[in-house]
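Q: Sharing a model that was predicted from the sequence below.
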Amino acid sequence: TLYATPAVGYEFVNWTENGVVVSTDSEYTFTVTSDRTLVANFETQTFTIIATASPVEGGTVTGAGNYAYNQTATLIATPAENFDFLTWSENGDVVSTNAEYTFIVTSDRSLVANFYLIEGINDVAPANLSIFPNPAKDVLFVKISDFQNKNAMIQIHNSTGQQMLSRRIVMKSEVFSLDVAALNPGLYYVVVQLENRMITSKIIIQ
């Protein structure tokens with residue numbers, strides 16, 4: 001009985017003798033009646049990388065396909081007009097906040113590029129504001145220094161990019177409170193849009 005055990009990143013193909021396949025089982029049993037020279041053939045494992053956009057109209061993704069074990073894959077998320085990139089996620093967990101996500105392939109993976117809608121934003125730049133506390137529990141505060149009667153859109157997205165809360169307000173004071181008691185504990189992204197400015201901040205809800 002001969003045993004063929006593949007190394008990491010390889011898989012067994014077959015046993016051959018003089019170039020002829022004699023078995024496709026890694027454990028090859030036979031009755032010995034003569035000298036024999038057998039070859040266990042292996043090949044590099046190939047894995048499938050799936051990449052999709054959420055929402056579908058939010059943008060496009062490139063780089064999906066089949067990769068050999070230990071090969072480098074680069075996925076690129078390109079937002080559509082009026083959308084911006086948020087995160088790459090896998091099974092609901094954030095794996096990257098960079099639109100260009102590079103990793104070494106060691107298994108099949110299914111990744112989602114999460115986008116969010118930018119409503120009426122023509123020029124994206126850091127806003128003069130702060131979001132606190134972090135971590136938060138029941139109430140989140142947004143502080144805008146130049147607040148006078150300005151319209152603001154505040155959105156909260158979960159780690160997969162799904163919008164969980166959206167509020168459009170007119171700032172009457174420097175600090176605005178937001179009730180987040182209904183949100184489950186976890187990582188969230190707060191997007192604040194103020195005229196032609198926007199800031200995105202990570203927060204933890206306890």
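A: Now that the structure is in, tell me what you want to look at.
Q: For the rest of this, base every contact and every neighbour count on C-alpha atoms.
A: Fine.
Q: what's around residue 1, how many residues?
A: A count of nearby residues for residue 1, using other C-alpha atoms under 10 Å, gives 9.
Q: try residue 107
A: Around residue 107 there are 15 residues (other C-alpha under 10 Å).
Q: Bridge partners for residue 28, pull those for me.
A: Judged by DSSP bridges, the bridge partners of residue 28 are residue 2.
Q: wait, it sits on residue 16?
A: No: in this structure residue 28 lies outside contact range of residue 16 using C-alpha atoms under 8 Å: 10.8 Å.
Q: contacting residues for the nearest residue in space to residue 4 that is not next to it in sequence?
A: Nearest non-adjacent residue to residue 4, counting by C-alpha to C-alpha, 6 or more residues apart in numbering: residue 26, 5.0 Å away. The contact partners of residue 26, by C-alpha atoms under 8 Å, 6 or more residues apart in numbering, come to 2-5, 12, 14-15.
Q: just residue 159 next, same as before
A: By C-alpha under 8 Å, 6+ apart, the residues touching residue 159 are 87, 89, 92-94, 186-189.
Q: ok, back up a step: could you check the distance from the residue nearest to residue 4 over to residue 41?
A: 10 Å (C-alpha to C-alpha, to the nearest Å).
Q: Which of the residues in stretch 169-182 are classified as buried?
A: Within stretch 169-182, the residues that count as buried by 16 or more other C-alpha atoms under 10 Å are 171, 175, 180.
Q: Report the rounded mean pLDDT for that stretch.
A: Averaged across stretch 169-182, the pLDDT comes to 82.
Q: still on that earlier bit, I'd like to know which of the contacts of residue 26 are buried.
A: For the contacts of residue 26, burial is judged from neighbour counts taken by 16+ other C-alpha under 10 Å, and it is met by 4, 12, 14-15.
Q: which one of these sits closest to residue 61?
A: Proximity of the buried ones among the contacts of residue 26 to residue 61 was ranked by C-alpha to C-alpha; the top entry is residue 12 with 33.2 Å.
Q: Show me whatever sits in contact with both of residue 26 and residue 41.
A: Common contact partners of residue 26 and residue 41 (C-alpha under 8 Å, 6+ apart): 12, 14-15.
Q: Which of those fall in helices?
A: Residues of these located in helices (DSSP state H): none.
Q: Redo those residues as CSV? Include pLDDT.
A: Output for these, formatted as CSV (pLDDT from 0 to 100):
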residue, pLDDT
12, 97
14, 98
15, 98
